[in-house]
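In: show me the folded form of this:
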Amino acid sequence: MQQKIVKKELEIGGKKLILETGKLANHANGAVLATYGETVVLATAVSQNPTQDLGYFPLSVDLDEKLYAGGRISTSRFIKRENRPSEKAILTSRLIDRSIRPLFPKGFQAEVQVIITVLSIDNTNDPDIPALIATSAALAISNIPWNGPISGLRVALKEGNYVLNPTEEERAASELEVLVASTKDEIVMIETAANEVEEKTIAGAFKFALEAGKAVISLIEDFAKEAGQPKQDYEQEKLSAKTQEKIRQFIEKNLMADFEDKSQDEGWFGDSIKTLEDEFLKKEEASELKEAEEQEVSAKVLSDILEEIVTDKLRDDILTHNKRPDGRKPDEIRPLSIDAGLLPRTHGSGLFQRGETQVLSIVTLGSPALEQLIEGMYGEETKRYMHHYNFPPFSTGEAKRRGAPGRREIGHGALAEKALVPVIPSSDQFPYTIRVVSEVLSSAGSTSQASVCASTLALMDAGVPIKEPVAGISIGLITDKVNRSKYVTLTDIAYQEDAQGDMDFKVAGTKNGITAIQMDIKLNGLSLKIIDEALEKAKTARLHLLGEMQRIIPESRKQLSVHAPRVIVVKIDPSKIGEVVGSGGRVINKIIAETGAAIDITDDGNVTISSKDAQACQKAAEWVEGIVKEPQPEEEYEGTVKRIMNFGAFVEILPGKEGLVHISQLAPHRVENVEDVVKIGQKVKVRVVEIDDQGRLNLSMLFGDDIKEKSSQVRREAPRGRFDNRDRGRRPGRGPKRY
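Out: As a prediction, this is how the structure comes out:
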């Protein structure tokens, strides 16, 4: 049955945003088609009862990129359909998840699946903003309980002014890019990339996005009034007061006794749940309770009760007694341990430890030919700086099945990469592909920002001339359950303050300003006041960390590791690429064979030469430069005699370039036999006399006084008579020719 089609429009950022429902995907609980420019996405939200007790709210968000959206077919010869999601798709999915998750009611436990399909892209408007807005609208009109809607907007900076939803071109030129999800009065999620921008400017962008987002929320509210469904009822799993009290007593007696010592162990909470399941539920009183309750005591209920106890203790200790789980003050950073240059064969390494969080980062340098090639809806692009983050199970003291990197690992790696991109030197300054891997060796909160610090150390140890060192810190938040205006912001949150706290505000930057921000919260929103306070605390902590890091390694090392390859880029005229390659690759293969260097040539004339042997690299570079160089008159060269003829010798002055030294130019005196002066293979110094109309080189081995002596000899030996140049008379019987 065809549903009623509802369409709403709004002009925002100079472009029209259109929301439509009732035409597509009508079996979903909520489905919205969003169009922005010529970018079109379809967001669907579906809810159903979970098949098993998962112990957590089963929300999944997936952005499906389609190659057809950009009018493309995969370049792979074997796989033509879309395969696993790209990193960009995963990051956008995480961004939307982090925006909508805090607004689901705590007691709602049905499985919710959000799928956003990108149907069309215009290469001007990124699909992430319409995807976030479409998801908000789909949940708002569905019968799924959700405390939205929210807005999602991007802000850039152009000539000192904020720009709403900038185009791809405007984003590339901006020093700042902020993505904000917000309710009408508060901010829910923040993602920021910046080129060392000061806190005041970034805070202004947050405010600008919050105000502009009100129009989007009003649009979705009007849309939901016309197309919305009544929200479904749900029951929160409850136990009797008697059962809850028994569980609480068991937790207090058996688990909370060692909370002070174990609170920073990420595996503690999971181990405690397992203890509850394995021990408490086996006890006789638990069996009696289950019979009385006539229900199973699920892992989810046990988890909720344990979390409530831990959260209450955490809030009471911090808000009432100003006491953090590990005894620190609110603005105190955990003890630091910093080192660089730990590994003998890697190109660079750095170790950063903050409390029990420990990260080892390793840098590998390579030729520009090793850049990552990325294929997607937009086409193909390359990336020369890559940051990968690994989170093995031993880092939390656990044994788990291992597989491909998860979304968390991809997200944390991307955040660290974003934080460091602004200080990475350009390819003109440093012609290397750079890969950084951050290995989390021990986790107790804020590993992503420890990765930023460790990676800065590793880059400096590798000799990468970064513009400025970068450090990262996480700021947390603890609020009063009843009175939200009562709160404490915490510098350098540890695990429990992250897990049971209300905010994880990650800020990375240099001494000059911020390079990256990512904010996640568990509340329905945060005020600008709290965010401003978090920014200031992060700045103070960041400057302290930078000072401690630079005590260990003040600046990038002047020399690359002996194990790192040497790379030279020679820029040539693209029309001369054929000369360097040679017929059938003869010339370039000869260079590679004789020098041992790797050579890659791009269509724009960039010749990249790399080798672990610096001398081989330099020799190959000089060879290439010699091939494309155009000799000029009076230039001097050291050449090699290649051929000898009766009338002179052919000397190779540059690779593949020979010139003739006429017999008269071999020596200042008269030469009867060329081989009396030169031999094949002999190194000789020559001078370019001229380049004739056919491009042939005429060379000479005469310099300075030799030239004068030769001229005198020519005059002395020239025959006298009617052809004697010194006889200025004319031949008898001939007068001047007249016209």
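
In: the strands in the stretch 451-600 of the chain, which residues?
Out: Taking DSSP state E, counting those that start in this stretch to define them, one finds strands in the stretch 451-600 of the chain at 471-479, 487-491, 503-509, 514-521, 566-571, 598-601.

In: among those, which comes closest to Phe703?
Out: strand 566-571 (29.9 Å; C-beta to C-beta). Any C-beta I mention is one placed from the backbone N, CA and C, and that applies to glycine too.

In: of all the strands of the stretch 451-600 of the chain, which one is nearest Ala462?
Out: Across those, closest to Ala462 is strand 566-571 (C-beta to C-beta), at 13.2 Å.

In: the closest one - what's its average pLDDT?
Out: Confidence over strand 566-571 (mean pLDDT, whole number) is 92.

In: next: stretch 691-705.
Out: Mean per-residue pLDDT for stretch 691-705: 87.

In: could you list the buried residues of it?
Out: Within stretch 691-705, the residues scored as buried using 16 or more other C-beta atoms under 10 Å are Leu697, Asn698, Leu699, Ser700, Met701, Leu702.

In: could you find the closest non-adjacent residue to the fourth one?
Out: Yep, that's Ser700 we're talking about. Closest residue to Ser700 apart from its sequence neighbours, by C-beta to C-beta, 6 or more residues apart in numbering: Gln665 at 4.0 Å.

In: on that earlier part again, now the buried residues of stretch 691-705 as CSV including secondary structure and distance to Asp128?
Out: Listed next are those as CSV, based on DSSP: H, G, I helix; E, B strand; the rest coil; distance: C-beta to C-beta, whole Å:
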residue, secondary structure, distance to Asp128
Leu697, strand, 60
Asn698, strand, 65
Leu699, strand, 64
Ser700, strand, 68
Met701, coil, 69
Leu702, coil, 71
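
In: quick check: next helix or strand after the worst-scoring helix or strand of the chain on mean pLDDT?
Out: One helix or strand of the chain scores below all others by mean pLDDT, DSSP states H and E: helix 284-293, with a mean of 51. Per DSSP states H and E, the first helix or strand lying C-terminal to helix 284-293 is helix 299-315.

In: what helices and strands are in contact with that next one?
Out: Here helix 299-315 touches helix 241-254, helix 267-278, strand 471-479, helix 495-499, going by 3 or more C-beta pairs under 8 Å, 6 or more residues apart in numbering; DSSP states H and E.

In: which strands border the third one, and is each parallel or antiparallel?
Out: Just to be clear, that refers to strand 471-479. strand 487-491 (antiparallel), strand 503-509 (antiparallel) (DSSP bridges).

In: between the helix or strand hosting Ala193 and strand 514-521, how many degrees?
Out: Assigned by DSSP H and E, Ala193 falls within strand 187-197. Using axes from the mean of the first three to the mean of the last three C-alpha atoms, to 10 degrees, the direction of strand 187-197 lies 170 degrees away from that of strand 514-521.

In: can you put the buried residues of stretch 691-705 in CSV and add distance to Ile680?
Out: Compiled in CSV, the buried residues of stretch 691-705 are given as follows (distance: C-beta to C-beta, whole Å):
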residue, distance to Ile680
Leu697, 18
Asn698, 20
Leu699, 16
Ser700, 19
Met701, 15
Leu702, 21
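
In: so what pLDDT did Ile144 get?
Out: At Ile144 the predicted local confidence, pLDDT, stands at 97.

In: that one contacts Thr44, doesn't it?
Out: No: the pair Ile144 / Thr44 is not scored as a contact, 11.3 Å apart, by C-beta atoms under 8 Å.

In: quick check: neighbours shared by those two?
Out: Common contact partners of Ile144 and Thr44 (C-beta atoms under 8 Å, 6 or more residues apart in numbering): Gly30.

In: count the residues that sit near Gln249.
Out: A count of neighbours around Gln249, defined by other C-beta atoms under 10 Å, yields 12.

In: repeat that for Thr243.
Out: Residues lying near Thr243 (other C-beta under 10 Å) number 20.

In: average pLDDT across the longest helix seen in the chain?
Out: Scanning the chain for the helix with the most residues, using DSSP state H, yields helix 199-227. Averaging pLDDT along helix 199-227 gives 97.

In: ranges for the helices of the stretch 551-700 of the chain?
Out: Secondary structure of the stretch 551-700 of the chain by DSSP state H, counting those that start in this stretch: the helices cover 577-581, 586-595, 614-628.

In: single out the most deeply packed of those.
Out: helix 614-628 (a mean of 19; mean count of other C-beta atoms under 10 Å).
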